[in-house]
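# Need coordinates for the following:
(chains A, B, C and D)
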2 protein chains.
Amino acid sequence: MALEHAILVSLAERATTGYDLARRFNSSIGYFWTATHQQIYKVLRRMEDDGWVRSTAVAQDGRPDKRVYEVTALGREQLHSWLAEPGDPETTRSELAVKIRGAAFGDPRTVAAEVRRHRALHAQRLEDYHKMAQRDFPEPAALRGQQLHQWLVLRGGIRLEEGLLDWYDEVAAALDPTITGPETS
Amino acid sequence: MALEHAILVSLAERATTGYDLARRFNSSIGYFWTATHQQIYKVLRRMEDDGWVRSTAVAQDGRPDKRVYEVTALGREQLHSWLAEPGDPETTRSELAVKIRGAAFGDPRTVAAEVRRHRALHAQRLEDYHKMAQRDFPEPAALRGQQLHQWLVLRGGIRLEEGLLDWYDEVAAALDPTITGPETS
DNA sequence: TTCCGCATGTAACCAGTTACATGATTAC
DNA sequence: GTAATCATGTAACTGGTTACATGCGGAA
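Predicted coordinates:
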C-alpha cells in the first residue's frame, strides 16, 4: 500500500488534521493520488497505532475540536527507507479505453461523444494545473528542494493531461469523422 | 465495476476460456486494464449467473478440460447500454509520483535512480507496443471497425509511455544533475 | 527430473467506496 | 431558511491481491 506513505509525505511537509489531508488529496497531491476522508481517518489510526504518527487534540471555539497529526521519528525512518525501495511500474486502468476498444459493439458515435466529454473535463483540469503552476511556482528555474519536487510532480500532471487531450482528439476524430477538429472548451 | 465490461468486450471479439482471457489481460487489452486469473474466474461465474455469458465444457486429450465462454444476447445488450453510459474521468495513481514529491525526505539521488529504473522498464514496454503495432496493424490508414478501435487504444498506450519517458527524463535530470541526458536502453 | 504451459479453482485478506450520522458556525 | 465549511467518524460492501492447490503432457 502506498496511501500510508502518501500521508507521510504530506504530513512531513506540514502537520495537520485528517480533514485537511483529505482536502490536500483532492488538490495538490491529488493529481497522482486520491483518497476519501473515511479512508484517511482509518489509515491515520492504524499509523498512530504503529507509531508512525502522533496526534494532539486541539480545542477550538465555534468549530469542532480537531486532532492534529505529525510524523514521528519512526515515521520519518519508514518514509526514508520506503523512498529507497524499488516499486512496480505503473499500471493504468482506463474504463474509457475499454469503451473505445468495444465501440463496435455499441454506437461508435456515442462513444465519440463520451470521449469528447472527457476531453472537456480534462481540458478544465489542465487549465487548473496551469493556474496552480503560475500561482505557486512562478519561477521554475529557481526552485530547489521540496518546492522543486512538488513542481516536478505538477509538471507530470500537466504532461499527462496534455497527452490525454491529444489522444482524445485523435480518437474522437477516428470514431466520428462527421465532426472535425477539437472543440475549444 | 468495469472488469465485467472489459471481459464482455474481449469475449465479444472472440469466445474463449478464462485462462486465455487472463493471458489477454496481460497483453493486448492489458495496457489499459489488468486482471488476475482468480479474479477473472470469479467474475465469469457471476456473469454466468446473471446470464451475460454462457459456457460450454470442452474435453481435450493430453490437456485438461476447458470451459469456453461466449457472450449471450443479454450480455450484448448490457455491453451496448454500458457503452452509452457516461463514466467518471480517469484518476491516475502513481506511487512513483509520491516518491518524487517526497524525495527531500530521503536521498533525492536514490529516487532519481528509481526513476531511471522505471524509465528503462517503460522504454521496454514502449518497444513492445511498437512491435505489436507493426505486426498487427502495418497499415493504420486502412483500418476500420474493431481493428481501428484496437489500434486507437494501442496508440493511447504508445502516447502514454512516450509521455512517461519524457517526464522521467525531466525528473531524473532535476533530481540528480550529476548524470546528464537519458540513457539509451 | 525439473520446469513450463494448459486449465481451473478455494480461502484469507487488504484496500477502497458508498451510505449514513452528527453538530456548530458562517455566508448568501 | 438554506447551503457550505469545519471536523470526525461507523458500517456494510465491493473489487482486487496473495497464497495455496491440483494434475497432465511435453520439452530441456
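# Would you mind listing what in chain A touches DNA strand C?
By the rule Cβ under 7 Å from any atom of the strand, the part of chain A lying against DNA strand C is A:Met1, A:Ala2, A:Leu3, A:Thr34, A:Ala35, A:Thr36, A:Gln38, A:Gln39, A:Val43, A:Gly62, A:Arg63, A:Pro64. Placement of C-beta: from N, CA and C, glycine included.
# Could you take those and lay them out as TSV, with extra columns for neighbour count, distance to B:Glu170 and pLDDT?
Shown next, in TSV, are these (neighbours: other Cβ atoms under 10 Å in any protein chain shown; distance: Cβ to Cβ, whole Å; pLDDT from 0 to 100):
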residue	neighbour count	distance to B:Glu170	pLDDT
A:Met1	7	28	70
A:Ala2	18	22	90
A:Leu3	19	26	96
A:Thr34	16	24	94
A:Ala35	20	26	96
A:Thr36	11	31	96
A:Gln38	10	35	97
A:Gln39	13	31	97
A:Val43	20	31	98
A:Gly62	4	46	78
A:Arg63	8	42	82
A:Pro64	7	43	82
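# Reformat those residues as CSV; add secondary structure.
Shown next, in CSV, are the residues of chain A next to DNA strand C (DSSP: H, G, I helix; E, B strand; the rest coil):
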residue, secondary structure
A:Met1, coil
A:Ala2, coil
A:Leu3, helix
A:Thr34, coil
A:Ala35, coil
A:Thr36, coil
A:Gln38, helix
A:Gln39, helix
A:Val43, helix
A:Gly62, coil
A:Arg63, coil
A:Pro64, coil
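# my guess is A:Gln146 meets A:Ser10, correct?
No - the criterion here is Cβ atoms under 8 Å, and A:Gln146 misses it with A:Ser10 at 11.6 Å.
# neighbour count winner among those two?
Using other Cβ atoms under 10 Å in any protein chain shown as the criterion, A:Gln146 and A:Ser10 rank with A:Ser10 on top: 24 against 16.
# So for that one, what pLDDT did the model give?
pLDDT, A:Ser10: 97.
# Can you pull out the low-pLDDT segments for chain A?
Along chain A, the model assigns pLDDT under 70 to residues A:181-185.
# residue ranges of the strands in it, please?
Counting by DSSP state E, chain A has strands at residues A:16-17, A:53-58, A:66-71.
# Who are the packing partners of the shortest one?
Identification of packing neighbours for strand A:16-17 by 3 or more Cβ pairs under 8 Å, 6 or more residues apart in numbering or on different chains; DSSP states H and E yields strand A:66-71.
# Determine if any part of the strand it packs on is in contact with chain B.
No - using Cβ under 8 Å from any Cβ of the partner chain, we find that strand A:66-71 stays clear of chain B, coming within 8.9 Å at best.
# quick one: buried residues of that strand?
For strand A:66-71, the neighbour count (16 or more other Cβ atoms under 10 Å in any protein chain shown) marks A:Lys66, A:Tyr69, A:Val71 as buried.
# cool, stretch A:108-117 as well?
A:Pro108, A:Thr110, A:Val111, A:Ala112, A:Ala113, A:Glu114, A:Val115, A:Arg116, A:Arg117.
# what ranges do the helices span in chain A?
For chain A, helices defined by DSSP state H occupy the ranges A:3-13, A:18-24, A:37-49, A:73-84, A:95-101, A:108-136, A:145-175.
# Check what contacts the second one and list those residues.
Outside of helix A:18-24, the residues that reach it under the criterion Cβ atoms under 8 Å, 6 or more residues apart in numbering or on different chains are A:7, A:10-11, A:16, A:30, A:35-37, A:40-41, A:44, A:66-67, A:69.
# quick one on the thing from earlier: out of the residues of chain A next to DNA strand C, which is nearest to chain B?
Using Cβ to the nearest Cβ, A:Ala2 is the member of the residues of chain A next to DNA strand C that sits closest to chain B, with 4.5 Å.
# follow-up on the earlier one: filter the buried residues of strand A:66-71 by proximity to DNA strand D?
Applying Cβ under 7 Å from any atom of the strand to those, those adjacent to DNA strand D are A:Lys66.
# I'd assumed A:Lys66 was in contact with A:Ser55.
No - if you go by Cβ under 8 Å, A:Ser55 and A:Lys66 don't touch, sitting 9.6 Å apart.
# Relative to A:Ser28, how far out is A:Arg135?
Here A:Arg135 is placed at a distance of 11 Å from A:Ser28 (Cβ to Cβ, to the nearest Å).
# Then A:Leu160?
A:Leu160 sits 15 Å away from A:Ser28, going by Cβ to Cβ.
# For the two, indicate the residue with more neighbours.
Taking other Cβ under 10 Å, A:Leu160 and A:Ser28 do not tie; A:Leu160 has more neighbours (25 against 17).
# ok, how many other residues are close to the closest residue to A:Gly87 other than its chain neighbours?
Distance criterion Cβ to Cβ, 6 or more residues apart in numbering or on different chains; nearest residue to A:Gly87, sequence neighbours excluded, is B:Glu95 at 5.1 Å. Counted with other Cβ under 10 Å, residues neighbouring B:Glu95 total 20.
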